[in-house]
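In: I'll drop the sequence and a predicted model, then ask my questions.
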Amino acid sequence: MSIFEIMMLICFGISWPISIYKSYKSRSTGGKSVVFLYIVSVGYVAGILHKIFYYYDGVIIFYIFNLLMVLIDTALYYRNRGLERQEI
């Protein structure tokens, strides 16, 4: 278990609740890139798979938690896109 890996995941993890909150409140896709969200999701999945197949330890929880937050933000993106289309 690497303290540096944990620190990285915690720092990234702190940003997702803020992004989720802003997405929820703004009801807008402005400033949000769904491609970026997918790329980050793939990165977290890769981290999870690495932990499963090569070096399983407790850090996998941070990867899973962060992935769930990115998926929530992605779902909010699609909700907001739908809301924007209704306004047109």
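Out: Perfect, thanks for sending it.
In: nearest to the middle of the chain, which residue? Look it up for me.
Out: By C-alpha atoms, centre = their mean, the chain has its centre lying nearest to Val70, at 1.9 Å.
In: that residue and Cys11, how far apart?
Out: Look at Val70 and Cys11: by C-beta to C-beta, to the nearest Å, they are 14 Å apart. For glycine as for every other residue, the C-beta is placed from the backbone atoms N, C-alpha and C.
In: and if you look at Thr29?
Out: For Thr29 relative to Cys11 (C-beta to C-beta), the value is 25 Å.
In: ok, these two, which is more surrounded?
Out: The residue with more neighbours, out of Thr29 and Cys11, is Thr29; 18 against 9, by other C-beta atoms under 10 Å.
In: how about Gly13: what's its closest non-neighbour residue?
Out: Asn66 (5.0 Å; C-beta to C-beta, 6 or more residues apart in numbering).
In: so that neighbour makes contact with Cys11?
Out: No. Asn66 is beyond contact range of Cys11, at 10.3 Å (criterion: C-beta atoms under 8 Å).
In: quick revisit: now the residue nearest to Gly13: which helix or strand?
Out: helix 60-87 (DSSP states H and E).
In: average pLDDT for that helix?
Out: Helix 60-87 shows an average pLDDT of 96 in the prediction.
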